[in-house]
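Student: coordinates for the following, if possible.
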Amino acid sequence: MSGADDRRTKRALVHKDVVINGVTKAEALDISIDGMYIYTQFSFIAGTIFELSFKIGEDAIKAMARVQHAQSNVGIGVKFVELSVENNEKIRKYIEG
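Tutor: Predicted coordinates:
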C-alpha cells in the first residue's frame, strides 16, 4: 500500500466512519477487499492488530485488521486479517458498484 502502482486490488474512495477497538473514531478514505486507508491523528505502530467496525450501506461490518503502514498525524493503511466471507462479499459488491 505504498503507492497506487503497488495496489493489487481495486479501491473505492469513501468517507466512512470507522471505529477502532470499539473506542477510537476515525474516517476511512478508501477501501478495497484487502483493507483500507484510515484518517486518524492517533499514533499506531506498523504490525498492530485491532478490531475495526464500519458500515457498508445499512450492514455493520467487523474485521480484524493489521497496520501495514502509519503516517504520524495523517493516517494508517490497514490490511484485513480476519473478515467473514459474507462481509468480504459485501465490500466487493460495494467497490464494484
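Student: for the helix or strand harbouring residue 86, list every residue counted as buried.
Tutor: Here residue 86 sits within helix 85-96, counting by DSSP states H and E. Using 16 or more other Cβ atoms under 10 Å as the test for burial, helix 85-96 gives 87, 90, 91, 94, 95. (Glycine included, C-beta is placed from N, CA and C.)
Student: tell me the one among the residues you listed nearest to residue 12.
Tutor: residue 95 (4.5 Å; Cβ to Cβ).
Student: quick check: the closest one vs residue 68, distance?
Tutor: 18 Å (Cβ to Cβ, to the nearest Å).
Student: and if you look at residue 43?
Tutor: For residue 43, the distance to residue 68 - Cβ to Cβ - is 15 Å.
Student: which one's more surrounded, those two?
Tutor: Between residue 43 and residue 68, counting by other Cβ atoms under 10 Å, residue 68 is the more crowded of the two (16 against 11).
Student: next, count neighbours for the residue lying closest to that one once chain neighbours are set aside.
Tutor: The shortest distance from residue 68 to any non-neighbouring residue, by Cβ to Cβ, 6 or more residues apart in numbering, is to residue 77 (4.6 Å). Per other Cβ under 10 Å, the neighbour tally for residue 77 reads 19.
Student: which secondary structure element contains residue 77?
Tutor: Using DSSP H and E, residue 77 falls in strand 75-82.
Student: paired strands for that strand, with orientation please.
Tutor: strand 35-39 (antiparallel), strand 59-71 (antiparallel) (DSSP bridges).
Student: show me what contacts the spatially most central residue of the chain?
Tutor: Residue closest to the average C-alpha location in the chain (Cα atoms, centre = their mean): residue 36, at 2.9 Å. Residues counted as contacts of residue 36 (Cβ atoms under 8 Å, 6 or more residues apart in numbering) are 14, 18, 28, 29, 30, 52, 65, 77, 78.
Student: same question for residue 74.
Tutor: Neighbours of residue 74 in contact, by Cβ under 8 Å, 6+ apart: residue 39.
Student: hey, what's the residue nearest to the centre of the chain bridged with?
Tutor: Beta-bridge partners of residue 36, as defined by DSSP bridges: residue 31, residue 78.
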